[in-house]
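Trainee: Below is the structure, and that's it, no one-letter string:
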């Protein structure tokens, strides 16, 4: 199982890259005949990726969030999954290049940084932890999708203002769509991360008798949640313009990524207490 | 299979070959089309036909076993009917016969032969022409099949290329831009500043895209009211500007004013009321109606005639780039059609052969029945029928063999063919 998982793991970035190329051809050269292949390709990608993640979990008895690279890997899977739903729902393939490219980068980083030595922890068999970990990664996926749509919104807004009618401008969906996708994803992200973090605190109470511990990842996660939640509430009541919301979503994501990377370099496991 | 011998032809003239005065003279209204179809239906030379007449082309599609004769017959009739000789003038008229005619039809229906390449109106016009011919029982199996393949060709072109994508007229470019800002136009409110033809045409495009709410503001209130009535909207006079702008998402301005009618200060003030919802302004007037400084405002998108012209230029060049892809799609359908025609032409020959034998047998049996007494039971009486039948059926082969007497190679080919055909011992 471990060998098979390793083979698929190293083959996956190539498969991701292939899908990126297909979307690039559609976006840049408007190859409409390729459009019919995108959904089957995404399904194949998800199938292989899902198998890779599950086989790694079974072979090494790990949880999806055991290391930051496991988190990156699961994040890529979730981004593709969310994008597949978006593409099949709105029948617009023009944002695929950006989301799949993003997933490709994270999948590649993860694939070449995985450690393949088995280790087990008592906490991993706890169902509360499993739900906490899954919800948190789902929440981060939603924030990732929101940040990507925020970037696309800013690019398209700039193009519309400056009257630039290049390939990017002609291919991207309407501003209102990009804006609503970004805001909707942020809302889902805040809600899901909120529940995920809540469960994490319950987990901490069950294990250590305290709802809150001075673990750097807990501090960062809680601060990021407060940042997003605060921004969302401000926008809801002050009705700020779309560009503000896009900038906020992107800034939040940059802070999230920077914090996650810096915290990982400080501690070598997801939470110090494992 | 000789594809030049496909019994299908097209005779016509179009914007490529004839000026508008000529096209006008040969154009056929629905009544004329019916008369033409009626004539061709009765003609001895034509088995099937379609008559297509639009502002850019008049084309007659003919199916006939004697296609050259069918074309000539039509030309003569048409010259008399229309009292003009343009269809006999090679300068204006083109005639395609066989596979070239089929390919031309596919290009026409797919809008590759149109004045504005990729316009979708022509497909509907060809469908209408075909339906009229079908209603009048003027089509035959070959024309029906060519039409079906034509529909497939236009679908393939539309699905596999961007030939029909992007606005190629200024007023429609405005709609396309609005679709780049707003997700759906159905729930958007459009304000028309001015009630002239330009504003009306632009409003018509938006209406076709599902916009239902229109406000019309004009210096002369009566004009605003009259346009608002057509659009099912509300009319406003200039002193009701605030009411006219209430809840508006798109503004189209086309007045003859020499000063800006929509100023920077007004839109800036309006932005506060609108709580940052996007506002799209289209200035179709010369001189301009909308202060260009407005485009600096957040959430406001202003486009003038030059900007829209630029979009049209980009889209036109994009469509041109798609032509090779579209031609490839048509070529693929042509290959399918040729394959189909191979089977069709065989089945047509088989049918004719069967009819021939049936006719021979029926004739000989009828002749024999007259000669044989009604109560005859003598088998020898029926030998006459047998002999006559054999003579009739063999006669054609013998005639063919005798005809090739002077050409030994040709004769040998026929001898071999007969041996193969009837599995005779050599």
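Mentor: Yep, that arrived. Keep in mind that this is a model prediction, so the values were computed, not measured.
Trainee: For chain A, which residues are neighbours of chain B?
Mentor: Within chain A, the positions near chain B by Cβ under 8 Å from any Cβ of the partner chain are A:30, A:32-33, A:156, A:160-161, A:163, A:165, A:169-170, A:174-177, A:180, A:239-243. Every residue, glycine included, has its C-beta placed from N, CA and C.
Trainee: Separate out the buried members of the residues you listed.
Mentor: Among these, the ones that count as buried by 16 or more other Cβ atoms under 10 Å in any protein chain shown are A:30, A:32, A:156, A:160-161, A:163, A:165, A:169-170, A:174-177, A:240-243.
Trainee: Can you pull the phi/psi pair for residue B:183?
Mentor: Main-chain torsions, residue B:183, degrees, to the nearest 10: phi -70, psi -50.
Trainee: Tell me who's in contact with the nearest residue to it once chain neighbours are set aside.
Mentor: Distance criterion Cβ to Cβ, 6 or more residues apart in numbering or on different chains; nearest residue to residue B:183, sequence neighbours excluded, is residue A:176 at 4.1 Å. Contact analysis of residue A:176 by Cβ atoms under 8 Å, 6 or more residues apart in numbering or on different chains lists B:181-183, B:278.
Trainee: Point out the least confident one among those residues.
Mentor: For the contacts of residue A:176, the minimum pLDDT belongs to residue B:183; the value there is 79.
Trainee: Okay, now the unreliable bits of the stretch 101-250 of chain A?
Mentor: With pLDDT under 70 as the threshold, the stretch 101-250 of chain A has low-confidence stretches at A:118-126.
Trainee: If we use 80, what do you get?
Mentor: Where the stretch 101-250 of chain A drops to pLDDT under 80, the residues are A:115-130, A:133-134, A:166-168, A:170-171, A:217, A:239, A:241.
Trainee: cool, chain B as well?
Mentor: Within chain B, the segments meeting pLDDT under 80 span B:1-4, B:171, B:183, B:272, B:274-276, B:348, B:371-382, B:384, B:425-426.
Trainee: Please enumerate the helices of it.
Mentor: With DSSP state H as the definition, chain B shows helices at residue ranges B:20-26, B:30-42, B:67-82, B:99-109, B:121-135, B:141-160, B:170-181, B:197-208, B:221-231, B:241-245, B:264-274, B:305-371, B:379-403, B:408-422.
Trainee: Can you name every helix or strand that the first one contacts?
Mentor: Right, the one you point to is helix B:20-26. strand B:8-14, strand B:57-63, helix B:67-82 (3 or more Cβ pairs under 8 Å, 6 or more residues apart in numbering or on different chains; DSSP states H and E).
Trainee: So which of the ones you listed is the most surrounded?
Mentor: Ranked by mean neighbour count under mean count of other Cβ atoms under 10 Å in any protein chain shown, the helices and strands packed on helix B:20-26 are led by strand B:57-63, which reaches a mean of 26.
Trainee: thinking again about what came up before, so which of the buried ones among the residues of chain A next to chain B sit within strands?
Mentor: Counting by DSSP state E, these place none of their members in strands.
Trainee: quick one, what contacts the nearest residue to residue B:201 once chain neighbours are set aside?
Mentor: Nearest-residue entry for residue B:201: residue B:171, 5.1 Å, with adjacent residues in sequence omitted and distances by Cβ to Cβ, 6+ apart. For residue B:171, the contacting residues are B:198, B:201-202, B:205, B:284, by Cβ under 8 Å, 6+ apart.
Trainee: 10 Å instead?
Mentor: Contacts for residue B:171 (Cβ atoms under 10 Å, 6 or more residues apart in numbering or on different chains) come out as B:198-206, B:252, B:254, B:282, B:284, B:308.
Trainee: do residue A:255 as well
Mentor: Applying Cβ under 10 Å, 6+ apart, the residues contacting residue A:255 are A:220, A:223-224, A:227-228.
Trainee: Can you say which of those residues are buried?
Mentor: A:220, A:224, A:228.
Trainee: Would you agree the last one falls within a helix?
Mentor: Yes - under the criterion used here (DSSP: H, G, I helix; E, B strand; the rest coil), residue A:228 sits inside a helix.
Trainee: who touches it in this structure?
Mentor: Contacts of residue A:228 by Cβ under 10 Å, 6+ apart are A:139, A:143, A:146, A:186-187, A:189-190, A:193-194, A:248-249, A:252-253, A:255-256.
Trainee: what's around the closest residue to residue B:109 other than its chain neighbours, how many residues?
Mentor: Nearest residue to residue B:109, sequence neighbours excluded (Cβ to Cβ, 6+ apart): residue B:150, at 4.3 Å. Other residues near residue B:150 come to 25 when the count uses other Cβ atoms under 10 Å in any protein chain shown.
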